[in-house]
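# The amino acid sequence is not available; the structure is as follows:
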Ligand SMILES: NC(=O)c1ccc[n+]([C@@H]2O[C@H](COP(=O)([O-])OP(=O)(O)OC[C@H]3O[C@@H](n4cnc5c(N)ncnc54)[C@H](OP(=O)(O)O)[C@@H]3O)[C@@H](O)[C@H]2O)c1
(Lines give C-alpha, C1' and ligand atoms only; values in the text may rest on other atoms or scores of the structure.)
Protein backbone atom coordinates (compact mmCIF):
# COMPACT_ATOMS: atom_id res chain seq x y z
CA UNK A 1 0.00 0.00 0.00
CA UNK A 2 1.25 3.47 -0.87
CA UNK A 3 0.20 7.03 -0.32
CA UNK A 4 1.39 10.57 -0.99
CA UNK A 5 1.77 13.10 1.82
CA UNK A 6 3.67 16.27 2.64
CA UNK A 7 5.52 17.46 5.74
CA UNK A 8 5.71 21.13 4.76
CA UNK A 9 3.83 23.31 2.30
CA UNK A 10 5.50 24.45 -0.91
CA UNK A 11 5.98 23.52 -4.56
CA UNK A 12 5.19 20.13 -6.12
CA UNK A 13 8.49 18.72 -4.82
CA UNK A 14 7.17 18.64 -1.22
CA UNK A 15 4.96 15.67 -2.20
CA UNK A 16 6.36 12.36 -0.93
CA UNK A 17 5.37 8.90 -2.17
CA UNK A 18 5.59 6.41 0.69
CA UNK A 19 4.69 2.88 1.70
CA UNK A 20 1.93 2.73 4.32
CA UNK A 21 0.15 0.25 6.59
CA UNK A 22 -3.53 0.61 7.42
CA UNK A 23 -5.55 -0.47 10.46
CA UNK A 24 -8.98 -2.06 10.04
CA UNK A 25 -11.90 0.32 9.34
CA UNK A 26 -13.70 1.60 12.45
CA UNK A 27 -17.37 2.37 13.03
CA UNK A 28 -18.97 3.88 9.92
CA UNK A 29 -15.84 3.40 7.82
CA UNK A 30 -14.73 1.17 4.96
CA UNK A 31 -11.39 0.21 3.45
CA UNK A 32 -11.26 1.23 -0.23
CA UNK A 33 -8.80 -0.03 -2.81
CA UNK A 34 -8.56 2.89 -5.23
CA UNK A 35 -8.84 2.22 -8.94
CA UNK A 36 -8.28 5.89 -9.74
CA UNK A 37 -7.84 9.20 -7.96
CA UNK A 38 -9.15 12.57 -9.13
CA UNK A 39 -6.59 15.29 -9.84
CA UNK A 40 -7.98 18.71 -8.89
CA UNK A 41 -6.68 22.24 -8.72
CA UNK A 42 -7.73 22.41 -5.06
CA UNK A 43 -5.01 19.83 -4.32
CA UNK A 44 -2.43 22.47 -5.26
CA UNK A 45 -4.03 24.96 -2.81
CA UNK A 46 -3.62 22.44 0.04
CA UNK A 47 -0.05 21.61 -0.98
CA UNK A 48 1.02 25.26 -1.41
CA UNK A 49 -0.57 26.45 1.84
CA UNK A 50 -3.13 28.74 0.14
CA UNK A 51 -5.76 26.65 1.96
CA UNK A 52 -4.19 25.86 5.37
CA UNK A 53 -4.01 22.22 6.51
CA UNK A 54 -2.45 20.70 9.62
CA UNK A 55 0.91 19.09 8.89
CA UNK A 56 2.00 16.46 8.10
CA UNK A 57 -0.92 15.96 5.75
CA UNK A 58 -2.28 13.54 3.19
CA UNK A 59 -3.54 15.08 -0.05
CA UNK A 60 -6.45 14.63 -2.44
CA UNK A 61 -10.22 14.78 -1.93
CA UNK A 62 -11.50 12.55 -4.69
CA UNK A 63 -11.26 8.87 -5.50
CA UNK A 64 -13.05 5.80 -6.83
CA UNK A 65 -12.47 2.14 -6.15
CA UNK A 66 -13.72 -1.09 -4.63
CA UNK A 67 -14.61 -1.71 -1.00
CA UNK A 68 -12.27 -4.36 0.46
CA UNK A 69 -13.46 -4.34 4.07
CA UNK A 70 -16.36 -2.79 5.99
CA UNK A 71 -16.19 -1.55 9.56
CA UNK A 72 -18.77 -2.09 12.33
CA UNK A 73 -22.16 -0.42 11.88
CA UNK A 74 -21.97 -0.31 8.10
CA UNK A 75 -25.07 -1.83 6.54
CA UNK A 76 -25.65 -0.02 3.26
CA UNK A 77 -22.21 -0.75 1.72
CA UNK A 78 -20.53 -4.15 1.35
CA UNK A 79 -17.28 -5.71 0.20
CA UNK A 80 -16.94 -5.54 -3.58
CA UNK A 81 -19.11 -2.40 -4.02
CA UNK A 82 -17.87 0.12 -6.59
CA UNK A 83 -17.75 3.49 -4.79
CA UNK A 84 -16.58 7.06 -5.25
CA UNK A 85 -16.33 10.24 -3.21
CA UNK A 86 -15.28 13.88 -3.32
CA UNK A 87 -14.93 15.13 0.23
CA UNK A 88 -12.63 15.45 3.23
CA UNK A 89 -10.64 14.06 4.93
CA UNK A 90 -7.64 14.64 2.69
CA UNK A 91 -5.80 11.51 1.60
CA UNK A 92 -7.16 10.17 -1.69
CA UNK A 93 -3.65 10.13 -3.23
CA UNK A 94 -3.20 6.55 -2.04
CA UNK A 95 -3.54 3.00 -3.26
CA UNK A 96 -5.83 2.17 -0.31
CA UNK A 97 -7.52 4.21 2.38
CA UNK A 98 -9.99 4.11 5.22
CA UNK A 99 -12.95 6.38 4.44
CA UNK A 100 -16.23 7.36 6.20
CA UNK A 101 -19.36 6.12 4.42
CA UNK A 102 -21.21 9.40 5.05
CA UNK A 103 -19.55 10.93 1.97
CA UNK A 104 -19.49 7.78 -0.18
CA UNK A 105 -21.72 6.96 -3.15
CA UNK A 106 -22.13 3.76 -5.16
CA UNK A 107 -20.98 3.98 -8.76
CA UNK A 108 -23.66 2.57 -11.07
CA UNK A 109 -22.98 0.07 -13.85
CA UNK A 110 -22.08 1.81 -17.08
CA UNK A 111 -19.68 4.26 -15.41
CA UNK A 112 -16.05 3.19 -15.33
CA UNK A 113 -14.19 3.80 -12.08
CA UNK A 114 -11.53 5.99 -13.69
CA UNK A 115 -14.29 8.21 -15.08
CA UNK A 116 -16.06 8.23 -11.69
CA UNK A 117 -12.80 9.31 -10.06
CA UNK A 118 -12.66 12.52 -12.06
CA UNK A 119 -16.41 13.09 -12.13
CA UNK A 120 -17.16 13.45 -8.46
CA UNK A 121 -15.50 16.82 -7.78
CA UNK A 122 -15.90 18.32 -11.23
CA UNK A 123 -19.39 16.92 -11.86
CA UNK A 124 -20.90 17.57 -8.42
CA UNK A 125 -19.50 21.09 -8.62
CA UNK A 126 -21.09 21.56 -12.02
CA UNK A 127 -24.41 20.28 -10.67
CA UNK A 128 -24.59 22.73 -7.79
CA UNK A 129 -23.25 25.67 -9.83
CA UNK A 130 -25.90 25.26 -12.54
CA UNK A 131 -28.85 24.00 -10.50
CA UNK A 132 -28.44 25.36 -6.96
CA UNK A 133 -26.13 28.36 -6.66
CA UNK A 134 -27.79 30.01 -9.64
CA UNK A 135 -30.45 28.07 -11.50
CA UNK A 136 -29.74 28.82 -15.14
CA UNK A 137 -32.61 29.03 -17.61
CA UNK A 138 -32.91 27.98 -21.22
CA UNK A 139 -31.86 30.77 -23.55
CA UNK A 140 -29.59 32.56 -21.06
CA UNK A 141 -26.06 33.49 -22.07
CA UNK A 142 -23.50 32.68 -19.36
CA UNK A 143 -19.73 32.99 -18.91
CA UNK A 144 -17.36 30.30 -17.63
CA UNK A 145 -13.60 30.85 -17.19
CA UNK A 146 -10.95 28.22 -18.03
CA UNK A 147 -13.52 26.45 -20.21
CA UNK A 148 -11.09 23.82 -21.57
CA UNK A 149 -10.03 22.69 -18.07
CA UNK A 150 -11.27 19.84 -15.91
CA UNK A 151 -14.42 21.42 -14.51
CA UNK A 152 -14.74 23.50 -17.69
CA UNK A 153 -15.29 20.60 -20.09
CA UNK A 154 -18.01 19.07 -17.90
CA UNK A 155 -19.65 22.38 -16.97
CA UNK A 156 -19.89 23.71 -20.55
CA UNK A 157 -21.49 20.52 -21.92
CA UNK A 158 -23.97 20.44 -19.03
CA UNK A 159 -24.87 24.13 -19.45
CA UNK A 160 -25.31 23.64 -23.19
CA UNK A 161 -27.64 20.68 -22.61
CA UNK A 162 -29.82 22.99 -20.48
CA UNK A 163 -30.20 25.36 -23.42
CA UNK A 164 -27.72 28.04 -22.36
CA UNK A 165 -25.45 29.88 -24.76
CA UNK A 166 -22.01 29.41 -23.22
CA UNK A 167 -19.17 31.90 -23.52
CA UNK A 168 -15.90 30.32 -22.38
CA UNK A 169 -12.48 31.80 -21.79
CA UNK A 170 -9.16 30.00 -22.36
CA UNK A 171 -5.53 30.96 -21.83
CA UNK A 172 -4.10 29.86 -25.18
CA UNK A 173 -5.19 29.39 -28.79
CA UNK A 174 -4.66 25.62 -28.67
CA UNK A 175 -7.51 25.40 -26.14
CA UNK A 176 -10.08 27.22 -28.31
CA UNK A 177 -11.22 24.24 -30.38
CA UNK A 178 -11.28 22.07 -27.29
CA UNK A 179 -13.61 24.47 -25.48
CA UNK A 180 -15.89 24.55 -28.55
CA UNK A 181 -15.90 20.76 -28.75
CA UNK A 182 -17.11 20.61 -25.15
CA UNK A 183 -20.03 23.00 -25.45
CA UNK A 184 -18.86 26.60 -25.79
CA UNK A 185 -20.65 28.75 -28.37
CA UNK A 186 -18.07 31.53 -28.13
CA UNK A 187 -14.51 31.21 -26.90
CA UNK A 188 -12.31 34.12 -25.85
CA UNK A 189 -8.56 33.80 -25.39
CA UNK A 190 -8.28 36.04 -22.31
CA UNK A 191 -4.48 36.09 -22.56
CA UNK A 192 -4.84 38.10 -25.77
CA UNK A 193 -8.24 39.79 -25.62
CA UNK A 194 -10.07 41.86 -23.00
CA UNK A 195 -12.83 39.36 -22.20
CA UNK A 196 -15.11 42.01 -20.69
CA UNK A 197 -15.12 44.00 -23.95
CA UNK A 198 -15.82 40.83 -25.97
CA UNK A 199 -18.67 39.80 -23.66
CA UNK A 200 -20.25 43.24 -24.05
CA UNK A 201 -19.87 42.96 -27.82
CA UNK A 202 -21.45 39.48 -27.88
CA UNK A 203 -24.36 40.57 -25.66
CA UNK A 204 -24.94 43.92 -27.43
CA UNK A 205 -23.82 45.75 -24.28
CA UNK A 206 -26.50 44.07 -22.20
CA UNK A 207 -24.20 42.00 -19.98
CA UNK A 208 -24.80 38.59 -18.44
CA UNK A 209 -27.15 37.26 -15.74
CA UNK A 210 -24.39 35.08 -14.22
CA UNK A 211 -20.61 34.59 -14.38
CA UNK A 212 -18.86 31.46 -13.07
CA UNK A 213 -15.28 32.38 -12.15
CA UNK A 214 -12.79 29.76 -10.92
CA UNK A 215 -9.75 31.75 -12.03
CA UNK A 216 -10.10 34.45 -9.39
CA UNK A 217 -7.37 36.98 -8.83
CA UNK A 218 -6.79 38.12 -12.41
CA UNK A 219 -10.42 37.85 -13.61
CA UNK A 220 -12.73 38.83 -10.75
CA UNK A 221 -13.00 42.55 -11.36
CA UNK A 222 -13.66 42.19 -15.09
CA UNK A 223 -16.05 39.32 -14.41
CA UNK A 224 -18.13 41.63 -12.21
CA UNK A 225 -18.12 44.19 -15.01
CA UNK A 226 -19.61 41.57 -17.39
CA UNK A 227 -22.79 41.30 -15.31
CA UNK A 228 -26.04 43.06 -16.00
CA UNK A 229 -28.24 44.71 -13.36
CA UNK A 230 -28.70 42.40 -10.33
CA UNK A 231 -26.48 39.74 -11.91
CA UNK A 232 -24.93 36.88 -9.95
CA UNK A 233 -21.18 36.57 -9.56
CA UNK A 234 -20.18 33.02 -8.64
CA UNK A 235 -16.55 33.04 -7.51
CA UNK A 236 -15.78 29.37 -6.97
CA UNK A 237 -12.00 29.14 -7.26
CA UNK A 238 -8.68 30.94 -7.45
CA UNK A 239 -6.44 29.22 -9.98
CA UNK A 240 -4.60 32.49 -10.66
CA UNK A 241 -4.05 33.29 -6.97
CA UNK A 242 -5.76 34.53 -3.82
CA UNK A 243 -8.52 37.06 -4.46
CA UNK A 244 -8.03 40.70 -3.58
CA UNK A 245 -10.66 42.21 -1.26
CA UNK A 246 -13.78 43.32 -3.14
CA UNK A 247 -14.66 47.01 -3.05
CA UNK A 248 -18.42 46.65 -2.50
CA UNK A 249 -19.19 50.33 -3.02
CA UNK A 250 -17.37 50.47 -6.33
CA UNK A 251 -17.92 46.98 -7.78
CA UNK A 252 -21.17 45.60 -6.33
CA UNK A 253 -23.39 48.54 -5.40
CA UNK A 254 -23.82 50.34 -8.77
CA UNK A 255 -25.64 47.40 -10.37
CA UNK A 256 -26.97 45.79 -7.17
CA UNK A 257 -25.00 42.62 -7.91
CA UNK A 258 -24.93 39.38 -5.92
CA UNK A 259 -21.60 37.77 -5.03
CA UNK A 260 -21.23 34.23 -3.69
CA UNK A 261 -18.20 32.06 -2.91
CA UNK A 262 -19.57 28.50 -2.78
CA UNK A 263 -17.82 25.20 -2.20
CA UNK A 264 -18.86 21.62 -2.91
CA UNK A 265 -19.05 20.70 0.79
CA UNK A 266 -21.84 23.23 1.37
CA UNK A 267 -24.00 21.57 -1.31
CA UNK A 268 -23.39 17.90 -0.48
CA UNK A 269 -23.46 18.06 3.31
CA UNK A 270 -26.48 15.78 3.81
CA UNK A 271 -27.10 12.28 2.42
CA UNK A 272 -30.15 13.63 0.53
CA UNK A 273 -28.12 16.38 -1.13
CA UNK A 274 -25.25 14.05 -2.00
CA UNK A 275 -27.59 11.43 -3.48
CA UNK A 276 -29.61 13.97 -5.48
CA UNK A 277 -26.44 15.53 -6.92
CA UNK A 278 -24.63 12.28 -7.69
CA UNK A 279 -27.69 10.59 -9.24
CA UNK A 280 -28.23 13.57 -11.52
CA UNK A 281 -24.53 13.55 -12.40
CA UNK A 282 -24.44 9.84 -13.26
CA UNK A 283 -27.60 10.28 -15.37
CA UNK A 284 -26.00 13.13 -17.33
CA UNK A 285 -23.03 10.90 -18.13
CA UNK A 286 -25.02 7.76 -18.90
CA UNK A 287 -27.37 9.70 -21.20
CA UNK A 288 -24.37 11.01 -23.15
CA UNK A 289 -25.27 14.65 -22.45
CA UNK A 290 -21.95 14.98 -20.64
CA UNK A 291 -19.08 13.09 -22.26
CA UNK A 292 -15.91 12.54 -20.29
CA UNK A 293 -12.67 11.92 -22.12
CA UNK A 294 -9.75 11.53 -19.75
CA UNK A 295 -6.93 13.83 -20.78
CA UNK A 296 -4.23 11.87 -18.96
CA UNK A 297 -3.61 9.14 -16.40
CA UNK A 298 -0.66 9.90 -14.11
CA UNK A 299 1.00 7.21 -11.99
CA UNK A 300 0.76 7.83 -8.25
CA UNK A 301 4.53 7.87 -7.92
CA UNK A 302 4.71 10.56 -10.65
CA UNK A 303 2.35 12.89 -8.82
CA UNK A 304 4.92 15.72 -8.81
CA UNK A 305 4.65 15.86 -12.61
CA UNK A 306 0.85 15.98 -12.33
CA UNK A 307 1.03 19.03 -10.05
CA UNK A 308 3.57 20.74 -12.31
CA UNK A 309 1.27 20.24 -15.29
CA UNK A 310 -1.77 21.47 -13.37
CA UNK A 311 -0.08 24.69 -12.27
CA UNK A 312 1.58 25.03 -15.69
CA UNK A 313 -1.91 25.18 -17.33
CA UNK A 314 -1.04 22.05 -19.32
CA UNK A 315 -4.01 19.92 -18.27
CA UNK A 316 -6.52 19.88 -21.10
CA UNK A 317 -9.49 18.21 -19.44
CA UNK A 318 -10.26 15.81 -16.60
CA UNK A 319 -7.18 13.89 -15.45
CA UNK A 320 -6.72 11.08 -12.94
CA UNK A 321 -3.94 9.43 -10.97
CA UNK A 322 -3.64 5.66 -11.07
CA UNK A 323 -2.22 3.99 -7.94
N1 LIG B 1 -15.65 25.70 -5.12
C2 LIG B 1 -15.72 24.45 -5.52
O3 LIG B 1 -16.59 23.69 -5.04
C4 LIG B 1 -14.78 23.95 -6.56
C5 LIG B 1 -14.79 22.59 -6.91
C6 LIG B 1 -13.95 22.17 -7.94
C7 LIG B 1 -13.11 23.08 -8.56
N8 LIG B 1 -13.09 24.37 -8.15
C9 LIG B 1 -12.24 25.36 -8.80
O10 LIG B 1 -12.47 25.30 -10.19
C11 LIG B 1 -11.31 25.71 -10.90
C12 LIG B 1 -10.98 24.66 -11.95
O13 LIG B 1 -10.57 23.47 -11.30
P14 LIG B 1 -9.94 22.24 -12.11
O15 LIG B 1 -9.48 21.26 -11.11
O16 LIG B 1 -10.89 21.82 -13.16
O17 LIG B 1 -8.64 22.89 -12.79
P18 LIG B 1 -8.39 23.22 -14.35
O19 LIG B 1 -9.48 24.09 -14.86
O20 LIG B 1 -8.13 21.97 -15.08
O21 LIG B 1 -7.05 24.05 -14.24
C22 LIG B 1 -7.07 25.39 -13.88
C23 LIG B 1 -7.09 26.29 -15.11
O24 LIG B 1 -7.16 27.63 -14.66
C25 LIG B 1 -6.60 28.46 -15.64
N26 LIG B 1 -5.68 29.44 -15.06
C27 LIG B 1 -5.79 30.78 -15.19
N28 LIG B 1 -4.78 31.40 -14.60
C29 LIG B 1 -3.98 30.44 -14.08
C30 LIG B 1 -2.74 30.47 -13.35
N31 LIG B 1 -2.14 31.61 -13.03
N32 LIG B 1 -2.18 29.31 -12.99
C33 LIG B 1 -2.78 28.14 -13.28
N34 LIG B 1 -3.95 28.05 -13.97
C35 LIG B 1 -4.55 29.19 -14.36
C36 LIG B 1 -5.88 27.55 -16.65
O37 LIG B 1 -6.67 27.48 -17.84
P38 LIG B 1 -6.35 28.52 -19.05
O39 LIG B 1 -4.93 28.25 -19.47
O40 LIG B 1 -7.34 28.18 -20.09
O41 LIG B 1 -6.50 29.89 -18.46
C42 LIG B 1 -5.84 26.21 -15.96
O43 LIG B 1 -5.83 25.14 -16.85
C44 LIG B 1 -10.23 25.89 -9.84
O45 LIG B 1 -10.16 27.24 -9.46
C46 LIG B 1 -10.76 25.07 -8.68
O47 LIG B 1 -10.25 25.49 -7.45
C48 LIG B 1 -13.91 24.82 -7.16
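That came through, no problem. Since we're looking at a predicted model, the values are computed, not measured.

# contacts, neighbours, all on C-alpha from now
Will do.

# and the stretch 1-150 of the chain, which of its residues are near the ligand?
Proximity of the stretch 1-150 of the chain to the ligand, by Cα under 6 Å from any ligand atom, involves residues 40-42, 121-122, 125, 146, 148-150.

# Now do stretch 4-17: distance to the chain's middle.
Stretch 4-17 has its C-alpha centroid displaced from the chain centroid by 21 Å (Cα atoms, centre = their mean, to the nearest Å).

# err, stretch 152-165, not the other one
15 Å.

# Now do it: everything it contacts.
Contacts to stretch 152-165, defined as Cα atoms under 8 Å, 6 or more residues apart in numbering, come from residues 122-123, 126, 130, 136-142, 144-147, 166, 168, 179, 182-185, 284, 289-292, 317-318.

# Which ones among the residues you listed lie within helices?
Among the contacts of stretch 152-165, the ones falling in helices (DSSP state H) are 122-123, 126, 179, 284.

# any chance of those in TSV, with pLDDT too?
Converted to TSV, the ones in helices among the contacts of stretch 152-165 look like this (pLDDT from 0 to 100):
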residue	pLDDT
122	97
123	98
126	98
179	98
284	98
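
# And the residues you listed, which is closest to residue 239?
When those are compared for distance to residue 239 (Cα to Cα), residue 122 wins out at 14.5 Å.

# Give me the nearest residue to that closest one, chain neighbours excluded.
Distances taken as Cα to Cα, 6 or more residues apart in numbering put residue 151 closest to residue 122, at 4.8 Å, once the chain neighbours are dropped.

# so who does the one you found touch?
122-123, 125-126, 317-318.

# Tell me if I'm right that residue 286 and residue 110 touch.
Yes. In this structure, residue 286 is within contact of residue 110 by Cα atoms under 8 Å, at 6.9 Å.

# Who are the packing partners of whatever helix or strand residue 272 lives in?
Element membership of residue 272 [criterion: DSSP states H and E] is helix 271-286. Applying 3 or more Cα pairs under 8 Å, 6 or more residues apart in numbering; DSSP states H and E, we find helix 271-286 packed against helix 113-128.

# quick one: low-confidence ranges for this protein?
Counting by pLDDT under 70, not a single residue of the chain qualifies.

# what residue lies at the spatial centre of it?
Nearest to the geometric centre of the chain sits residue 122, at 3.4 Å (Cα atoms, centre = their mean).

# For the stretch 151-300 of the chain, which segments are assigned as strands?
165-170, 186-189, 208-213, 227-235, 258-260, 296-299 (DSSP state E, counting those that start in this stretch).

# Adjacent strands (with direction) for the longest one?
For strand 227-235, the paired strands and their directions (DSSP bridges) are strand 208-213 (parallel), strand 258-260 (parallel).

# Which positions in that strand come out as buried?
By neighbour count on 16 or more other Cα atoms under 10 Å, the buried set for strand 227-235 is 227-228, 230-235.

# do you know which of the strands of the stretch 151-300 of the chain lies nearest the ligand?
For the strands of the stretch 151-300 of the chain, proximity to the ligand was assessed by Cα to the nearest ligand atom; strand 165-170 is nearest, at 3.4 Å.

# now the angle between strand 208-213 and that closest one, please.
Computed by axes from the mean of the first three to the mean of the last three Cα atoms, to 10 degrees, the angle separating strand 165-170 from strand 208-213 equals 30 degrees.

# before we move on, back to that, and the residues of the stretch 1-150 of the chain next to the ligand, which two are the farthest apart?
Farthest-apart pair in those is 42 and 148; separation 16.9 Å (Cα to Cα).

# Neighbour count for those two, which is higher?
Between residue 42 and residue 148, residue 148 has the larger neighbour count (other Cα atoms under 10 Å), namely 33 against 18.

# didn't residue 105 look like it was pressed against residue 275?
Yes. Residue 105 is within contact range of residue 275, at 7.4 Å (criterion: Cα under 8 Å).

# higher neighbour count, these two?
Higher neighbour count among residue 105 and residue 275: residue 105, with 21 against 16, using other Cα under 10 Å.

# Surely the more buried one forms part of a strand?
Yes. The assignment for residue 105 (DSSP: H, G, I helix; E, B strand; the rest coil) places it in a strand.

# partners of it in the sheet?
For residue 105, the beta-bridge partners are residue 84 (DSSP bridges).

# Starting from the ligand, give me the distance back to the residue nearest to residue 122.
From residue 151 across to the ligand, the span is 4 Å (Cα to the nearest ligand atom, to the nearest Å).
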